[in-house]
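Asker: have a look; sequence and predicted model below, questions after that.
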Amino acid sequence: MCGRYDLNESPQMLMLYFSLTQEPESFSNDDVRPSGLAPIIRAHDGQRTASLARWGLLPRWKQEGQPMFNARGETVAEKPSYRSAFKRRRCIVPVSAFFEWRPISGQKKKQKLRFTAADGKPLALAGLWEPNHQLATGEGAESYTVITIAANAFMAPFHDRMPVILSTDDWATWLDPDGDNPLLLQSMIQPCPNDMLDVSPM
């Protein structure tokens, strides 16, 4: 499960870290939520760019219904809602941190936890995107979803799911719209190493 995150990196930092062709539009949000706009990173003709999209994927053939802000990595290659995007429209969702909540004994309010990279760098979440198409509501925007997987040992005490975090070695292959080797792509959908993340209460 990944339902909230933040992104507060400078355009210059994002451009350098993700090897973007040009500096992205400035963006800062401490509380990115489903249905909101946030940057995603894509590649086309050897150009890697970041642009805003709406969090909550709607396939082109689906004109109504609940947008899907998470996609289960175990079935993303076969499920009709994601199958086409998994083959050709993969993206990176850059985040500074993602959030989860855990119960506090004797209290109704849960504790908010902030998960960041142990090295302090942005996290590259595996995502899928769909092109802009006009909805029955009259709205239109490119949309995206974050792929999740069963939690690793570090994450398991806090939640049974976690976002798929891509290693830098996998970025080029994941973003390549012409790379459709299902076994290679599926091998990237796995929990990150246990020592990759830090957690802090808020």
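Answerer: Received it, and whenever you're ready, just let me know what you need.

Asker: regarding the chain, what is its longest helix?
Answerer: The longest helix of the chain (DSSP state H) is helix 80-88.

Asker: check which residues of it are buried.
Answerer: 81-82, 85-86 (16 or more other Cβ atoms under 10 Å). Where C-beta positions appear, they are placed from N, C-alpha and C, glycine not excepted.

Asker: same thing with stretch 34-52?
Answerer: By 16+ other Cβ under 10 Å, the buried positions in stretch 34-52 come out as 34, 38-43, 48-50.

Asker: just the helices from this protein, written as ranges.
Answerer: Using DSSP H, helices in the chain cover 11-17, 80-88, 171-175, 182-187.

Asker: restrict the last one to CA atoms and write it as PDB.
Answerer: Presented in PDB, the C-alpha positions along helix 182-187 are these (Å, rounded to 0.1, in the frame of the first residue of the first chain):
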ATOM      1  CA  PRO A 182       8.200  -9.800 -19.300                       C
ATOM      2  CA  LEU A 183      10.600 -11.900 -17.300                       C
ATOM      3  CA  LEU A 184      13.100  -9.100 -17.000                       C
ATOM      4  CA  LEU A 185      10.500  -6.500 -16.100                       C
ATOM      5  CA  GLN A 186       8.900  -8.900 -13.600                       C
ATOM      6  CA  SER A 187      12.300  -9.500 -11.900                       C
END
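
Asker: leaving out chain neighbours, which residue sits closest to R42?
Answerer: What sits nearest to R42 in space, not counting adjacent residues and going by Cβ to Cβ, 6 or more residues apart in numbering, is C91, at 5.0 Å.

Asker: and H44, by the same measure?
Answerer: Leaving aside its chain neighbours, H44 sits nearest to P177 (6.7 Å; criterion: Cβ to Cβ, 6+ apart).

Asker: between the two ends of stretch 12-31, how far is it?
Answerer: 21 Å (Cα to Cα, to the nearest Å).

Asker: could you list the buried residues of it?
Answerer: 14-15, 18, 20, 24, 27.

Asker: before we move on, the earlier item: determine which two of the buried residues of helix 80-88 are furthest apart.
Answerer: Maximum pairwise distance in the buried residues of helix 80-88, criterion Cβ to Cβ, is 10.0 Å, between S81 and F86.

Asker: hmm, back to that, show me the buried residues of stretch 34-52 that map onto strands.
Answerer: 38-43, 48-50 (DSSP state E).
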